[in-house]
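Novice: Dropping the sequence and predicted coords here.
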Amino acid sequence: MKKIILITGGARSGKSRYAEQLARSLTSNPVYVATAHIWDKEFGERVRRHQERRGPEWTTIEEEKQLSRHNLAGRVAVIDCITLWCTNYFFEMKEVDATLDALKDEFDRFTTPEATYIFVTNEIGMGGVSDNDVQRRFTDLQGWMNQYVASKADEVVLMVAGIPVKIK
């Protein structure tokens, strides 16, 4: 049976840790799909800490864009995260509507097989409005993609200060 779960919240709200714990409660051999592009040394260190926390029972797939290249049928997978995945598309495509269409199409292809998909994302639009045009356009893109995934999700959880609040 296919199931889509969306874990959302602000920075350092406990999203990834909660998603990982949820995956481990569902299977002994979860999959971690890392969408991050490592832009600098500090971010590389964050990635390393995440890898250490997960442990050897995890299968890790590093995929910045084409998630559907990986068939996860029958598996439980954490996809971390939609925000970085959107970033990878946006920096290449630049245009919000075309990027959103491409992301939706790829999301639909990826989530076709029967599996448990646990997506992590950020609520970057909950802060103030940026005076930077590119940031405002990306915030719009991110918000619309979050809405799309939430509309497809069986469950949506908002993380607040490490506490999961079930939304859907």
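Specialist: Happy to help now that I have it.

Novice: Next, the contact list for Tyr148, please.
Specialist: Taking Cβ atoms under 8 Å, 6 or more residues apart in numbering as the criterion, Tyr148 is in contact with 100, 103-104, 107. Using the backbone N, CA and C atoms, a C-beta is placed for each residue, glycine as well.

Novice: Ok, Thr59 next?
Specialist: 29-32.

Novice: Pull out the buried members of the residues you listed.
Specialist: Among the contacts of Thr59, those buried by neighbour count (16 or more other Cβ atoms under 10 Å) are 30-32.

Novice: and the residues you listed, which of them are in strands?
Specialist: 31-32 (DSSP state E).

Novice: Could you double-check that Arg53 lies in contact with Glu20?
Specialist: Yes. Using Cβ atoms under 8 Å, Arg53 is in contact with Glu20, at 7.3 Å.

Novice: quick one: which of these two has more around it?
Specialist: Neighbours were counted for Arg53 and for Glu20 using other Cβ atoms under 10 Å; Glu20 has more, 22 against 11.

Novice: can you tell me which helix or strand the more buried one belongs to?
Specialist: Element membership for Glu20, per DSSP states H and E: helix 15-26.

Novice: Compute the distance between Ala153 and Ser16, please.
Specialist: Noted for Ala153: a distance of 17 Å to Ser16, by Cβ to Cβ, to the nearest Å.

Novice: can you list contacts of stretch 88-100?
Specialist: 35, 37, 64-65, 86, 102-103, 137-138, 140-141, 144-145, 148.

Novice: got it, and stretch 118-131?
Specialist: Contacts for stretch 118-131 (Cβ under 8 Å, 6+ apart): 4-11, 15-16, 19, 22-23, 76-83, 136, 138-140, 142-143, 145-146, 149, 153, 158.

Novice: Taking those, please make a PyMOL selection of just the buried ones.
Specialist: Only the buried entries of these go into this PyMOL selection, using 16+ other Cβ under 10 Å:
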select buried, resi 4+5+6+7+8+9+10+15+16+19+22+23+76+77+78+79+80+81+82+83+138+139+142+145+146+149+153+158
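
Novice: so where's the protein uncertain?
Specialist: 43, 47 (pLDDT under 70).

Novice: let's see it at 90
Specialist: Residues of the chain meeting the criterion pLDDT under 90: 1, 10-13, 36-57, 94, 124-133, 135.

Novice: ok, the spatially most central residue of the chain - contacts?
Specialist: When Cα atoms, centre = their mean is applied to the chain, the residue found nearest the centroid is Cys81 (2.5 Å). Taking Cβ under 8 Å, 6+ apart, we find Cys81 in contact with 15-16, 35-36, 119-122.
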